[in-house]
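[1] next one to model:
(one chain, ligands or ions: 1)
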Amino acid sequence: MIDLHCHLLPGVDDGARTLDDSLAMAQQAVAEGISHILVTPHHKNGKYLNPKEAVMEATAALQAELDSRGIGLTLFPGQEVRINGEILNDIENGDILFIDDEEHYLLIEFPTMSIPHYTESLFFKLRQKGITPVIVHPERNQAVIDDPNILLPFIERGALAQVTASSYVGAFGKEIAKLSNQLIEANLVHILASDAHNTRGRGFHFRKAFAKLEAEFGPEKVAYFKQNAKDLFNGDVVHTEDPSEVYQKKKRFRLFGK
Ligand code: FE
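    Numbers count the residues shown, from 1 in each chain. Below you'll find the model as predicted:
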């Protein structure tokens, strides 16, 4: 299996701190059935920069450590790009790592509390360049938590989204797990990835998540998510299911006064 979102590189962000941490995570990934990982350190999230060249070097160095220990995992360099006003310039200058070699798919992270007002126009400009944004873990964004259907227009206009395995299995609590389920059901997310930061609370959770996916949505959904991850990685067209609104019980307002 392939994992398209993972903080495996040692000492570059809030993921693995040391080489030993990275190796322990790598072993856990293999035990979870993962064979390929796109390593995606935070990029320009206000705390971490992780420029392209540094990520490529660190990925090659970690790959050498894995190879020398016979850990059967193949790494590719990537970035989890926090949405920011410089993205188009940075792409123009060749400073951004995409999911795929063809540079069609880009992992985009929203800030925790909101979706910036310029997102719609940025996504439009990206699509004009043949780039599809892949929104990471929308289920952990406060604006989506408050109203999951805020995601729908972005998906209808061609953006994709990644739900995090640990969210879906409940590592961030029942509400986030429920929202993850709702987003999957409404076809508002297209792949499952680990966003693993360590081997504990924020580990891979792949087996559990895919088992839950199969139990709740059937083997077709598992095959769909796995195929989508492959298509993204290969830069191929992703064949998505039509998105719909998340059904929410309407809060009943008072019709009648006293
Ligand atoms: Fe992440």
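[2] helix, strand, or coil at Asp236?
    coil (DSSP: H, G, I helix; E, B strand; the rest coil).
[3] what sits closest to it if chain neighbours are left out?
    Lys230 (7.7 Å; C-beta to C-beta, 6 or more residues apart in numbering). C-beta here means a position set from N, CA and C on the backbone, and glycine is covered the same way.
[4] same check, this time on Asp242
    That would be Asn187: by C-beta to C-beta, 6+ apart, it lies 6.2 Å from Asp242.
[5] again, but for Val55
    Here the residue nearest Val55, using C-beta to C-beta, 6+ apart, is Pro77, at 4.8 Å.
[6] export stretch 114-131 as CSV, just CAs?
    Extracted in CSV, the C-alpha atoms of stretch 114-131 (Å, rounded to 0.1, in the frame of the first residue of the first chain):
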residue,chain,number,x,y,z
SER,A,114,-10.6,28.4,9.1
ILE,A,115,-10.6,28.2,5.3
PRO,A,116,-9.0,31.4,4.0
HIS,A,117,-11.2,33.7,1.8
TYR,A,118,-8.7,33.5,-1.1
THR,A,119,-8.9,29.7,-1.3
GLU,A,120,-11.5,29.7,-4.1
SER,A,121,-9.5,32.0,-6.4
LEU,A,122,-6.2,30.2,-5.6
PHE,A,123,-7.7,26.8,-6.4
PHE,A,124,-9.1,28.3,-9.7
LYS,A,125,-5.7,29.6,-10.7
LEU,A,126,-4.1,26.2,-9.8
ARG,A,127,-6.6,24.4,-11.9
GLN,A,128,-5.8,26.7,-14.8
LYS,A,129,-2.3,25.5,-14.6
GLY,A,130,-3.4,21.9,-14.6
ILE,A,131,-2.8,21.4,-10.9
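[7] buried residues in it, which are they?
    Residues of stretch 114-131 classed as buried: Ile115, Thr119, Leu122, Phe123, Leu126, Ile131 (neighbour count, 16 or more other C-beta atoms under 10 Å).
[8] kindly identify which of those residues also come near the ion.
    Applying C-beta under 5 Å from the ion, the subset of the buried residues of stretch 114-131 adjacent to the ion is empty.
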